[in-house]
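1. Need a 3D model of the sequence below.
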Amino acid sequence: MRLQLTRTDMLVLCVVVIWAATFSVVKVGLREISPLAFAAVRFSGAALLLLVWVWVAEGRPIIKREDWFWVFLVGLTAVGVYQVFFTLGLHYTTATNSSLILATVPAWTAMFAAGSRQERIARLQIVGILLSFGGVAMTVWGTGGRVALTWENVRGDILTLIAAALTASSGVISKRPLRRYSALRVMSVAMVCGSLFLVLLAWPEMRAQQWARVSLTGWLALAFTTVLGAGIAFVIWFKSIGEIGASRTAIYNNLIPPVAIVIAFTTLGERLAPLQALGAVVVLGGVVLTRFAPTGGGRGS
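-> Numbering: from 1, shown residues only. Next up, the predicted model:
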């Protein structure tokens, strides 16, 4: 069988690089901008971009009254509350740790889908889930190249782990609205809801932030993560789902952690301690098992 990458595959690979770089770029931006203010401005801009795009592509993004609760809940778990934990977590931990911990999303998703009886969970998936969380424990334990489990060292990792659980839950919650609306419409409206939540929560930080003192580097970091990371990348991702399917697109998620580690190493000078490197291998191995283990069919929806 000959490997043949299409134009869509190449575009999705670009998304992998963008999202992998986002971990390091956000770290740079957080040096000058407070975490909640950064997240609120970033996703407010991205929500506007996606809203314009869906309006052009599909017309007015109307959601029926009975579906608003579920779309709003997707917005909170995928954007609003998720970004609070992700951005604060990344503020306290390394880009490397953050990317590895977020690699547990397939494990969380499998558990939530099984718990809600949307999908069955296979024995190999259980092994993959245990490996994923075991690898995270090793990564956290090896932070800084030494055994260190103080609150100061692990709070960012704990916040990021909660973020991973939140974004996984959003995938399960979105099943209902996705039966009626396109993925683009659900995500664009959900992002508006999540962004409004972020702005309300971050308003004191946004007012206190000395925006005039933010350097060009800080503004570029914010622009990159807004336009590319949370705007254009989502457009490409949804376009790929429409052209090659959700499963084939989702496979590319597994490339993000290793690419993110390389970028963090070259740009931020982050290095993996031996125990962290072993944890990274275990996490990625668990992700592969969780993602590709045969489930034997679903239990309904």
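2. name the element the closest residue to Gln83 other than its chain neighbours belongs to?
-> Sequence neighbours aside, Ala39 is the residue nearest to Gln83 in space, at 4.3 Å (criterion: C-beta to C-beta, 6 or more residues apart in numbering). Where you see a C-beta, it was placed from the backbone N, CA and C, and this is true even at glycine. In this assignment (DSSP states H and E), Ala39 forms part of helix 35-58.
3. Now do the buried residues in that helix.
-> For helix 35-58, burial by neighbour count (16 or more other C-beta atoms under 10 Å) applies to 35-51, 53-54.
4. That helix - what's its average pLDDT?
-> Per-residue confidence for helix 35-58 averages out to 92 on the pLDDT scale.
5. Next up, phi/psi of Arg180, please.
-> The phi and psi torsions at Arg180 (degrees, to the nearest 10) take the values phi -110, psi -30.
6. Contact partners for it?
-> Contacts here follow C-beta atoms under 8 Å, 6 or more residues apart in numbering; on that basis Arg180 touches 64, 67.
7. again, only using 7 Å
-> Arg180 makes contacts with Asp67, as judged by C-beta atoms under 7 Å, 6 or more residues apart in numbering.
8. same question, Pro204
-> Taking C-beta under 7 Å, 6+ apart as the definition, Pro204 has no contacts.
9. again with the one 10 residues further on
-> Val214 sits next to 32-33 when contact means C-beta under 7 Å, 6+ apart.
10. what about it, distance to Ala202?
-> Look at Val214 and Ala202: by C-beta to C-beta, to the nearest Å, they are 15 Å apart.
11. and if you look at Val154?
-> Counting by C-beta to C-beta, the gap between Val154 and Ala202 amounts to 24 Å.
12. okay, those two: which has more neighbours?
-> Neighbour count, other C-beta atoms under 10 Å: between Val154 and Ala202, Ala202 has more, with 23 against 18.
13. tally of neighbours for the closest residue to Val74 other than its chain neighbours?
-> What sits nearest to Val74 in space, not counting adjacent residues and going by C-beta to C-beta, 6+ apart, is Ala190, at 4.2 Å. The criterion is other C-beta under 10 Å. On that basis, Ala190 has 28 neighbouring residues.
14. mind listing what Ala190 touches?
-> Applying C-beta under 7 Å, 6+ apart as the definition, the contact partners of Ala190 turn out to be 71, 74-75, 78-79.
15. same check, this time on Ala37
-> Taking C-beta under 7 Å, 6+ apart as the contact definition, Ala37 lies against 202, 205-206, 209.
16. Okay, and which of those residues map to helices?
-> With DSSP state H as the criterion, helices contain 202, 205-206 from among the contacts of Ala37.
17. and which of the residues you listed is nearest to Gly135?
-> The shortest separation between Gly135 and any of these is 32.1 Å, and it belongs to Ala202 (by C-beta to C-beta).
18. ok so, going back, which helix or strand contains the residue nearest to Val74?
-> Secondary structure assigned from DSSP H and E places Ala190 in helix 183-208.
19. That helix to helix 35-58, inter-axis angle?
-> Taking axes from the mean of the first three to the mean of the last three C-alpha atoms, to 10 degrees, helix 183-208 and helix 35-58 form an angle of 150 degrees between their directions.
20. for the helix or strand following helix 183-208, packing partners?
-> Scanning forward in sequence from helix 183-208, with DSSP H and E defining helices and strands, the next element found is helix 216-223. Helices and strands in packing contact with helix 216-223 are listed as helix 7-29, helix 35-58; criterion 3 or more C-beta pairs under 7 Å, 6 or more residues apart in numbering; DSSP states H and E.
21. what inclination does helix 216-223 have with respect to helix 7-29?
-> 140 degrees.
22. measure Trp217 to Gly135 for me?
-> Quick fix: residue 217 reads Thr, not Trp. Taking C-beta to C-beta as the criterion, Thr217 is separated from Gly135 by 33 Å.
23. Tell me which of these two has more neighbours.
-> Comparing Thr217 with Gly135 by other C-beta under 10 Å, the one with more neighbours is Gly135, at 26 against 13.
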